[in-house]
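Asks: based on what follows, work out the 3D shape:
(one chain, ligands or ions: 1)
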Amino acid sequence: MEKLQSYVAGRWLAGEGEGRLVRHAVTGAPLYEVTSQGLDMAAMVAWAKQGGQALAAMSFHQRAHMLKALASHLAERKEEFYALSAATGATRKDGWIDIEGGFATLFTYSSLVRRELSDERILLEDDWIPLSRRGGFGARHMLTPKPGVAVHINAFNFPVWGMLEKLAPTLLAGMPAIVKPATDGAQLTQAVVKCALASGLLPEGALQILCGGVNDLFDQLGPQDVVTFTGSAHTGQQLRATPRFNRCSIPFTMEADSVNSAILVEGADAATQALFVREVVREMTTKAGQKCTAIRRAFVPRALLPQVQDALLAKLGKVVLGDPAREGVTMGPLASQRQLADVRDKVEQLASQARILCGGHQQPFAVDAEAPEAGAFYPPTLLRCDQPKESPLVHQTEAFGPVCTLLPYDDEAELLELVALGEGSLVASLVFNAGQDISALVAQLGAWHGRLHLLDPVSAEESTGHGSPLPHLVHGGPGRAGGGEEMGGLRAVKHYMQRTAVQSSPGAMTQLSHSWTTGAPVVEDRVHPFRKYFEELAVGERLLTARRTVTEADIVNFGCLSGDHFYAHMDKIAAAESLFGERVAHGYFVVSAAAGLFVDAAPGPVIANYGMEGLRFIEPVKIGDTIQVELTCKQKTRKPRRTPDDLPQGVVVWDIKVKNQRDQLVASYDILTLVQAKE
Ligand code: NAP
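Replies: Model prediction:
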């Protein structure tokens, strides 16, 4: 029997001795063995740390481009992965969520970082925090990649997505990873890792895979390492208590099973009820219910229970369980006989406090497969518990299969109490009529969930569904769900970095951030900055403009030109009674006049002005006031050329300060320009 190899310190190696046998989920045929016995964990950690140096030396944008290229490389070979995914019992649709959903996560993370982060190696948070009276001392928070390794322990149900959703933020942060897939499904994860390594896109050491147990891996970890875990709460709690994690303060992020809810809100009409039924059935049957986000508890107002129950049973009756390779099959088997045994056990526990309405394993059920007894098949199973307050097991038991319990509630107060008995979940869906105000309910449910999916007939048209964690959004949940945030846009990237408060002078901060900080030294030149190419501009280069006295004619003309006849500008009496005490110039006039002062009108390297950020009007500008502008080159970011024909260029952020004759700041903002580069 083939032993699945691990990638250990640059070599593909199989463990020693007998491994755990993994079988085909549909046919039961033996596929491969998994063991990590004898593999050198210390060598893996050392190899990763070496690779980490190369990653840390790359900028955020370089890492993001690497990730995008990797996603494209993997996506081109997706059919190889679908073939292996079928052996885990996945339908094509299930495989799509795992495989292409995983690649989409890489693409999304790549563009998120290129859009939201500067092309730097370190990340600076917060604006400059002044800490002194004269402005010579202040602070910002800095994030730097941890010079360690991230160990990712994954669950069996998403062999591809489960790995990639953690790998994306890790690599973007500049940290290498050791991936330990669950034994079931490890062949698929290994195939993706093999393909990623063969692409040559990743620095050596950035990615290793450990198939099998972790041996003494945790003993090799230290204060700069990170462990993230996805799996059952039982395993997670056990691992979280590892003494070395405690001793070295090793961050341990846990995403565990949770008993998620769908709630049909009181007053739901027939269309809303149909939405609820559709969502519950979809979550029960997708991946045969083997999703951490799947709906386990379906809460329904007591008066609506009979009709909702009938609709659920009718829809579940149409599910065709069997071999996904066969035409017409809509739900495949569980991933393994082990999972099957676990689901049977959990359904028995649930059935001690709830009644089985359909499914279960006591009665024979239809399976469209050549040898139904050989596969890990389990039918869609709906239970009903009429006394949910007195039935703790329905709130605490996650049967990791196509299993859900229907629960009645009498009023909102009882509903909140019942939901909380789940002790913290990844997600809940609230299904309600269009236009209904459920804000009070949402606010109270928030603390128990990592994500809330508000489903009404409007959002239903485009909703990504209850069960889809998205890269931009928090994936994680409080309490039983593990207390972590696995994704959530940049939050996840920051998880693999150290945050440090840096206190300094504005000049030192400018050097560190490559971004001009108010109060830092400036340089002036006889050449206007708008006449300079991208390479010729220096951060901190400043233009002090001529002055302009604002007249009543300016205000009247601007009012007529723009159509803005607001009383504070145009009505002498109302303006006198206003907070300004007299007529003031339009803020937008000040901004326009400032542009008139700082631009260089003739054609030159500045291609376009494409935005303004952080505009604040601080002091009013009155008739007779004289304004002057300080324009300072704040930050420069080179834009990559997509084709050799593209004009070489970069984005320049300019700090704009408009002051009056008393040296008071009247307006401040940043403008963004595209500036041509020489090459
Ligand atoms: P599991 O049995 O807890 O295993 C999870 C991972 O931990 C596997 O890689 C497993 O490896 C490993 N593991 C088990 N014991 C270990 C130990 N002593 N030391 C180090 N690693 C150990 O969970 P599972 O059966 O794979 O997954 C199903 C559960 O995961 C469900 O309860 C589901 O709700 C949860 N889940 C949660 C999320 C989420 O994001 N919250 C996502 C998916 C799944 P082996 O397979 O080699 O034993």
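Asks: for the ligand, see how far away Val45 is.
Replies: Remark: distance between Val45 and the ligand (Cβ to the nearest ligand atom, to the nearest Å) = 15 Å. (Glycine included, C-beta is placed from N, CA and C.)
Asks: what's around whichever residue of the stretch 351-500 of the chain sits closest to the ligand, how many residues?
Replies: Taking Cβ to the nearest ligand atom, the ligand has its nearest neighbour within the stretch 351-500 of the chain at Phe400, 4.7 Å off. For Phe400, the neighbour count with other Cβ atoms under 10 Å is 24.
Asks: contact partners for the nearest residue to it once chain neighbours are set aside?
Replies: Excluding the flanking residues, the one nearest Phe400 by Cβ to Cβ, 6 or more residues apart in numbering is Gln290, at 5.6 Å. By Cβ atoms under 8 Å, 6 or more residues apart in numbering, the contact set of Gln290 is 156-157, 334-335, 339, 400-401.
Asks: those in helices, which ones?
Replies: Using DSSP state H, Gln339 are the members of those that sit in helices.
Asks: dump the contacts of Gln290 to TSV, plus pLDDT.
Replies: Putting the contacts of Gln290 into TSV (pLDDT from 0 to 100) gives the following:
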residue	pLDDT
Phe156	94
Asn157	93
Leu334	96
Ala335	93
Gln339	95
Phe400	96
Gly401	97
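Asks: of the contacts of Gln290, closest to Gly51?
Replies: Closest approach to Gly51 among those (Cβ to Cβ): Phe156, at 26.7 Å.
Asks: torsion angles phi and psi at that closest one?
Replies: Note on Phe156: backbone dihedrals following degrees, to the nearest 10 are phi -80, psi -20.
Asks: give the contact list for it.
Replies: Phe156 makes contacts with 88, 181-185, 290, 335-336, 339, as judged by Cβ under 8 Å, 6+ apart.
Asks: now intersect the residues you listed with the helices, please.
Replies: For those, the ones inside helices are Gln339, with DSSP H as the criterion.
Asks: and the ligand, which of the contacts of Phe156 contact it?
Replies: Of the residues in the contacts of Phe156, proximity to the ligand by Cβ under 6 Å from any ligand atom holds for 182-183.
Asks: out of the contacts of Gln290, which comes closest to Leu207?
Replies: Of all the contacts of Gln290, Leu207 sits closest to Phe156, with 19.8 Å by Cβ to Cβ.
Asks: with adjacent residues omitted, what lies nearest to that closest one?
Replies: Of all residues not flanking Phe156 in the chain, Ala182 sits nearest, at 3.6 Å (Cβ to Cβ, 6+ apart).
Asks: the one you found: what's it in contact with?
Replies: By Cβ under 8 Å, 6+ apart, the contact set of Ala182 is 154-156, 159, 231.
Asks: interface residues of the chain facing the ligand?
Replies: Residues of the chain lying near the ligand by Cβ under 6 Å from any ligand atom: 153-157, 180, 182-183, 214, 230-232, 235, 239, 255-257, 292, 398, 400, 426.
Asks: residue in the stretch 551-679 of the chain with the shortest distance to the ligand?
Replies: Going by Cβ to the nearest ligand atom, the ligand is nearest to Pro640 of the stretch 551-679 of the chain, at 34.0 Å.
Asks: and the pLDDT at that residue?
Replies: For Pro640, the model assigns a pLDDT of 82.
Asks: give me phi/psi at it?
Replies: Dihedral angles (degrees, to the nearest 10) for Pro640: phi -70, psi 150.
Asks: wait, doesn't it sit right on His65?
Replies: Yes: using Cβ atoms under 8 Å as the test, Pro640 is close enough to His65 to be in contact (7.5 Å).
Asks: quick one, which of the two is more surrounded?
Replies: For Pro640 versus His65, the count of surrounding residues by other Cβ under 10 Å is larger for His65: 17 against 12.
Asks: how about the more buried one, what does it touch?
Replies: 110, 114, 640.
Asks: grab the nearest non-local neighbour of Thr507.
Replies: Quick fix: residue 507 reads Gly, not Thr. Leaving aside its sequence neighbours, Gly507 sits nearest to Ala520 (Cβ to Cβ, 6+ apart; 4.5 Å).
Asks: can you check what pLDDT the model gives that neighbour?
Replies: Looking at Ala520, the pLDDT reads 97.
Asks: show me what counts as buried in the longest strand belonging to the chain.
Replies: Counting residues, the longest strand found in the chain (DSSP state E) is strand 626-639. Within strand 626-639, the residues scored as buried using 16 or more other Cβ atoms under 10 Å are 627-636, 639.
Asks: what residues are up against the residue of the stretch 351-500 of the chain closest to the ligand?
Replies: 157, 257, 289-290, 339, 342-343, 346.
Asks: now Leu543
Replies: With the criterion set at Cβ under 8 Å, 6+ apart, Leu543 makes contact with 524, 528-529, 598, 629-632.
Asks: format those as a markdown table; extra columns: pLDDT.
Replies: Output for these, formatted as a markdown table (pLDDT from 0 to 100):
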| residue | pLDDT |
| --- | --- |
| Glu524 | 96 |
| His528 | 97 |
| Pro529 | 97 |
| Phe598 | 98 |
| Val629 | 98 |
| Glu630 | 98 |
| Leu631 | 98 |
| Thr632 | 98 |
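Asks: need the residues you listed in JSON lines with distance to Val34, can you?
Replies: Formatted as JSON lines, the contacts of Leu543 follow (distance: Cβ to Cβ, whole Å):
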{"residue": "Glu524", "distance to Val34": "67"}
{"residue": "His528", "distance to Val34": "67"}
{"residue": "Pro529", "distance to Val34": "62"}
{"residue": "Phe598", "distance to Val34": "66"}
{"residue": "Val629", "distance to Val34": "67"}
{"residue": "Glu630", "distance to Val34": "65"}
{"residue": "Leu631", "distance to Val34": "63"}
{"residue": "Thr632", "distance to Val34": "60"}
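Asks: of those residues, closest to Ala576?
Replies: Nearest member of those to Ala576, counting by Cβ to Cβ, is Val629, at 29.1 Å.
Asks: quick check: bridge partners of the closest one?
Replies: Under DSSP bridges, the beta-bridge partners of Val629 are Val658.
Asks: quick one: contacts for it?
Replies: By Cβ under 8 Å, 6+ apart, Val629 lies in contact with 543-545, 594, 597-598, 656-659.
Asks: now do the strands in the stretch 451-600 of the chain.
Replies: 497-504, 542-549 (DSSP state E, counting those that start in this stretch).
Asks: re earlier: so which of the contacts of Leu543 comes closest to Asp645?
Replies: So of the contacts of Leu543, ranked by how close each gets to Asp645 (Cβ to Cβ), first place is Pro529, at 27.3 Å.
Asks: how many residues are close by the closest one?
Replies: 25.
Asks: ok, Gln396 next?
Replies: 15.
Asks: same check, this time on Asp646
Replies: Neighbourhood size, Asp646 [other Cβ under 10 Å]: 10.
Asks: now it, what's its secondary structure?
Replies: Under DSSP: H, G, I helix; E, B strand; the rest coil, the three-state class of Asp646 is coil.
Asks: same thing with Phe218?
Replies: helix.
Asks: could you verify my assumption that it touches Arg247?
Replies: No: using Cβ under 8 Å, Phe218 is not in contact with Arg247; the gap is 10.8 Å.
Asks: who has more neighbours, the two?
Replies: Neighbours per residue (other Cβ under 10 Å) separate Phe218 from Arg247, with Phe218 holding more: 18 against 10.
Asks: dump the residue contacts of the more buried one.
Replies: 151, 227, 242, 244-245.
Asks: give me that answer again for 7 Å
Replies: By Cβ atoms under 7 Å, 6 or more residues apart in numbering, the contact set of Phe218 is 242, 244.
Asks: residue of this protein closest to the ligand, please.
Replies: Counting by Cβ to the nearest ligand atom, the chain gets nearest the ligand through Gly231, at 2.5 Å.
Asks: what's the local residue count around the residue nearest to that residue when sequence neighbours are not counted?
Replies: In this structure, Gly231 finds its nearest non-sequential neighbour in Ala155, 4.5 Å apart by Cβ to Cβ, 6+ apart. Per other Cβ under 10 Å, the neighbour tally for Ala155 reads 23.
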